[in-house]
Each structure stands twice: as structure tokens, then as C-alpha cells.
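Trainee: take a look and give me a structure for this.
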Amino acid sequence: MEQDKVSNASAQAASCACDREVFQRVWRRVMPEERPDSPIVVDAPEDGEEPAGLAVVPAAQAPAVRVESVPGLLCGEVGPGLPECGSVPCLGEASAVYAPQLQQYIDFEVADCRAYQALSRRAQGNAARTLSAMAADERRHAKRLAAAYFLISGVRYWPAERGGSQPVQPFMAALREHFAQEQRAQCSYLAAAEETTDPCLRELYLELAGDEEAHAGLLRGILEQM
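Mentor: Predicted coordinates for the structure are as follows:
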């Protein structure tokens, strides 16, 4: 029985020594040089001794590590190419100069949405579906512009519903007028994209310009099928 205990103890010691050696080899590959801030210290074996294994340094005894602040990531610390603290290049207060322009665009898009809704009720078949989809597009444009306006100014803006009845144009004449308006809107958005220094507004204006160009093509297609 005693012999079995001795054999088991020897096997466990050999296993622990083997485990320590494996861990040492892996740790040396990960951390080839000892660092003073590391909580794990690999004891180097003396000549003729078995590897002493690993020693864990208590946290209270580990050297304090000073964390340096990263320039440009904290307020007041500006790094190369980073804006000063408080300056927002995208839809921030610096873009307040574009607020009146955004209001005009919102008014225009909402008016177009209502006009296409009215035209869709006068059309039939594919023309009615196309005009209804264009009305939804114009409303989506207005919503995106209104969101940009709010981010810049902190004020929600949406044009009030106009009272009274609007004069009704002949259907084809109305399509012709909107065909020209869509092209003018495309040119206006492209010009605004070139003039603005706000990268988010520029991207938005370019996207809206592409949509207005597509709308002009849809109106032309409706007229070609009549």
C-alpha cells in the first residue's frame, strides 16, 4: 500500500513538472522577455535543478503601470487631423449657415409629395402606382432633410398643411411641369453639394440629386405611354 502511495506521488510530481515545462515553453513564446508589470514570473532553473515552475506575484506587490492618455481622444487633446473638442464637422452647429437652405428643400419636397399624391388619384394603372411611389420618395426626402435640420439646429421643422384648394392643372400639363421641376431640383442639389463644407450634407444632396433625375425619367416614361 505504501509503495502504491509513493508511486502515485511520484507520478503526480512528474505530471506537474511536465505541465510546468509545457507552460514555460508556451509562455516563453508569448512573452520572450520578462516584464516588470506582468503578474506571472517564470523562475529560471538553476544548474542541476528541476524547473521551479511559475510564481504568481500578488497584485499588491505588482509594480504600478502608468496609463498614458492618447492624444486626440480626450477633450482638449487634439491630434493630427482631429477636430478640436466641441467642433462637429458633420451636421453640427458649424453647419447652421445651411439651415435656411434646408428649410426651402423640406418645403419643396413636401409640396412635391402632396402634388404627386393628388396626381396619382387622377391616374390609372401603372401611372397611378408610379406617381404614388414618387410621392413616397419625396416624403422620404423631406424626412431625411428634416432630420439633418434637427441635428444641426436642435429644432424640429415640418411645413404646415396648406389651407384652401389648389388650382387643378390638366393632367399632362402637370406632368410636364413636374418633369422640368425634377431636373431643376437635380441641378440645385448638385450645386448645393459642391458648395457645402459639411460632408454629410454633401452626401445627402448627391443622393437626392440622383433620385430627382430618376423621377424625371419616370415622368417621361408616363407621358410616353399616354
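Trainee: the closest residue to Phe171 other than its chain neighbours and Leu219, how far apart?
Mentor: Leaving aside its chain neighbours, Phe171 sits nearest to Arg122 (5.6 Å; criterion: C-beta to C-beta, 6 or more residues apart in numbering). Heads up, the C-betas are built off the backbone N, CA and C, glycines and all. Per C-beta to C-beta, to the nearest Å, Arg122 is found 14 Å from Leu219.
Trainee: between these two, who's got more neighbours?
Mentor: Neighbours per residue, other C-beta atoms under 10 Å: of Arg122 and Leu219, the larger number sits with Leu219, 26 against 12.
Trainee: that one touches His178, doesn't it?
Mentor: Yes. Leu219 is within contact range of His178, at 5.8 Å (criterion: C-beta atoms under 8 Å).
Trainee: my read is that Ala193 contacts Tyr205, right?
Mentor: Yes. The pair Ala193 / Tyr205 is scored as a contact, 3.8 Å apart, by C-beta under 8 Å.
Trainee: looking at these two, which has the bigger crowd around it?
Mentor: Neighbour count, other C-beta under 10 Å: between Ala193 and Tyr205, Tyr205 has more, with 25 against 18.
Trainee: I'd assumed that one was in a strand, is it?
Mentor: No. Remark: Tyr205 does not belong to a strand; assigned using DSSP: H, G, I helix; E, B strand; the rest coil, it is helix.
Trainee: contacts only, for it.
Mentor: 189-190, 192-193, 196 (C-beta atoms under 8 Å, 6 or more residues apart in numbering).
Trainee: what is the mean pLDDT for stretch 119-136?
Mentor: Average pLDDT, stretch 119-136: 97.
Trainee: try stretch 166-181
Mentor: On average, stretch 166-181 scores 93.
Trainee: for that stretch, buried residues please.
Mentor: 174-175, 178-179, 181 (16 or more other C-beta atoms under 10 Å).
Trainee: also stretch 103-117?
Mentor: 103, 105-106, 108-117.
Trainee: now, which of the contacts of Tyr205 sits nearest Ser95?
Mentor: Taking C-beta to C-beta as the measure, Ser95 lies nearest Thr196 of these, at 7.7 Å.
Trainee: next, count neighbours for the closest one.
Mentor: By other C-beta under 10 Å, neighbour count at Thr196 equals 18.
Trainee: Glu203 now?
Mentor: When neighbours are defined as other C-beta under 10 Å, Glu203 has 13 of them.
Trainee: separation between it and Gln166?
Mentor: 34 Å.
Trainee: so which helix or strand takes in the residue nearest to Cys113 when sequence neighbours are not counted?
Mentor: Computed as C-beta to C-beta, 6+ apart, the closest residue to Cys113 that is not its neighbour in sequence is Glu138, at 3.9 Å. According to DSSP states H and E, Glu138 maps onto helix 125-153.
Trainee: quick revisit: which of the buried residues of stretch 103-117 fall in helices?
Mentor: Taking DSSP state H as the definition of helices, the buried residues of stretch 103-117 contribute 103, 105-106, 108-117.
Trainee: which one of the residues you listed is nearest to Gln225?
Mentor: Tyr116 (16.9 Å).
Trainee: I'd say the closest one and Glu138 touch.
Mentor: Yes. Judged on C-beta under 8 Å, Tyr116 makes contact with Glu138 at a distance of 6.3 Å.
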